[in-house]
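# fold the following.
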Amino acid sequence: MSRSIASSIASSIARAALKVICILTLFQLFTETSAAQDAARESVPQPRRWEFRVASGTLIPTGEQRLALRTADITAAQVAWLPRPALAVTGSFGWARSRDLGAVGTPKLDVFTSDLGAELRTAEWFAGRAVTVSPFVGLGAGMRSYDSRARGMDAAHTLSGYASVGGEVGFRRVGVRLEVRDYASGSGAITGAGASEARNDVVVMAALRLNRRAGVRR
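Just a heads-up that it's a prediction; the model follows:
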């Protein structure tokens, strides 16, 4: 991969980081009114926790990426470690079933994404009520692989990075997690021409989680 591809991806991630900072500022404004309640809740010791979930959704190519990939269903397995209630380190492995629009016959194309990132989570909104909301934002990086079903074509690999925003809506023991990720990755892996540009696609995912008991902080 050329330096220009990595530079372009880094630039896209930097722009996404600025957006995340703006979102965090808005989150802070929303949570200031419940600062006393949050402080009381944080005073209770919180053990380290692990989370595992299987999410499903859609990979949506944007811009030039729409000429290379078809919109596809995606399934992702995610493991998260929470050293603090407001911080989660999340590893994800996703598989999207797309098609290579740039190849003759548009053969099936498996898109594999593996990455590691960090999530910042705000205090739970509407704590103690029937319906709660737990927003988050995140950044991460990893690898993207394209495995075409066309004969004679080997799998191609490229760096990728993402910015995410989402939240979990809880109702008693049921939690529905919604997440939107904006990915930037090198285009040369798809085109085979070594193009030195970053392309974007959006992944929208949802996951269902059952809590052990009502009122558990997520």
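# what's across from the closest residue in space to residue 149 that isn't next to it in sequence in the sheet?
Nearest non-adjacent residue to residue 149, counting by C-beta to C-beta, 6 or more residues apart in numbering: residue 108, 4.2 Å away. For the C-beta atoms, the positions are set from N, CA and C on the backbone; glycine is no exception. With DSSP bridges as the criterion, residue 108 is bridged to residue 99.
# likewise for residue 140?
residue 117, residue 162.
# burial measure for it, as a count.
Residue 140 is flanked by 21 other residues according to other C-beta atoms under 10 Å.
# local confidence estimate at the residue nearest to residue 143 when sequence neighbours are not counted?
The shortest distance from residue 143 to any non-neighbouring residue, by C-beta to C-beta, 6+ apart, is to residue 114 (5.5 Å). We have a pLDDT of 96 for residue 114.
# quick check: the residue nearest to residue 149 touching residue 97?
Yes. Between residue 108 and residue 97 a contact is recorded at 7.0 Å, counting by C-beta atoms under 8 Å.
# tell me the confidence at residue 179?
pLDDT, read off for residue 179, is 97.
# next up, the contacts around it.
55, 164, 165, 166, 204, 205, 206, 207 (C-beta atoms under 8 Å, 6 or more residues apart in numbering).
# low-scoring stretches of this protein, by residue?
1-48, 151-152, 187-196, 211-218 (pLDDT under 70).
# secondary structure element holding residue 127?
Using DSSP states H and E, residue 127 sits in no helix or strand.
# so residue 169 touches residue 135, yeah?
No. Residue 169 lies out of contact with residue 135 (C-beta under 8 Å); the separation is 10.0 Å.
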